[in-house]
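Novice: No sequence on hand, only this structure:
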């Protein structure tokens, strides 16, 4: 059964959840229909199949970092609905320290994450980050 709408055309969260529920039913036999969002995605094959179909439905890829945080179907639904925004600085020790000590630091002290740009020479990056 082809999915007719993409996530960008789906405006209601409940409608989107129903589409994800259909995807999950295609891959998992559900004993309890109320707990479908609690299904663990421990099996890499199952996780791949469900998330692949979700990505096809939404036309939105899940970044590799986010894949590590998706452990249940509910996590995938939250990712696509945007209910849970992750701070991209999480995991970087200096960024974590700055976030924890933000109120103790002088106002001119901020953490600026380094962004490596493809095709830009190292010496030119320093000039670009100062702007």
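Specialist: Perfect, thanks for sending it. Remember, it's a predicted structure, so these values are computed and weren't measured experimentally.

Novice: for the protein, what spans make up the helices?
Specialist: For the chain, the helices defined by DSSP state H occupy 13-27, 44-58, 64-69, 73-81, 93-100, 122-130.

Novice: For the second one, buried residues please.
Specialist: Looking back up the chat, that one is helix 44-58. Using 16 or more other CB atoms under 10 Å as the test for burial, helix 44-58 gives 46-47, 49-51, 53-54, 57-58. From N, CA and C alone the C-beta is placed, and that goes for glycine too.

Novice: ditto for the shortest one
Specialist: Within helix 64-69, not a single residue qualifies as buried, counting by 16+ other CB under 10 Å.

Novice: Which elements pack onto that helix?
Specialist: Packing partners of helix 64-69 (3 or more CB pairs under 8 Å, 6 or more residues apart in numbering; DSSP states H and E): helix 73-81.

Novice: Now do the helix it packs on against helix 44-58, angle only.
Specialist: Relative orientation of helix 73-81 versus helix 44-58 (axes from the mean of the first three to the mean of the last three CA atoms, to 10 degrees): 30 degrees.

Novice: pLDDT of helix 73-81, averaged?
Specialist: Average pLDDT, helix 73-81: 87.

Novice: and of the buried residues of helix 44-58, the nearest to residue 71?
Specialist: Here the nearest of the buried residues of helix 44-58 to residue 71, counting by CB to CB, is residue 47; it sits at 8.8 Å.

Novice: which residues sit in contact with the closest residue to the closest one other than its chain neighbours?
Specialist: The spatially closest residue to residue 47, leaving aside those adjacent along the chain, is residue 41, at 3.9 Å (CB to CB, 6 or more residues apart in numbering). Counting by CB atoms under 8 Å, 6 or more residues apart in numbering, residue 41 touches 47, 50-51, 70-73, 75-76.

Novice: From what I see, residue 75 and residue 66 are in contact.
Specialist: No. With contact defined as CB atoms under 8 Å, residue 75 does not count as touching residue 66 (9.1 Å).
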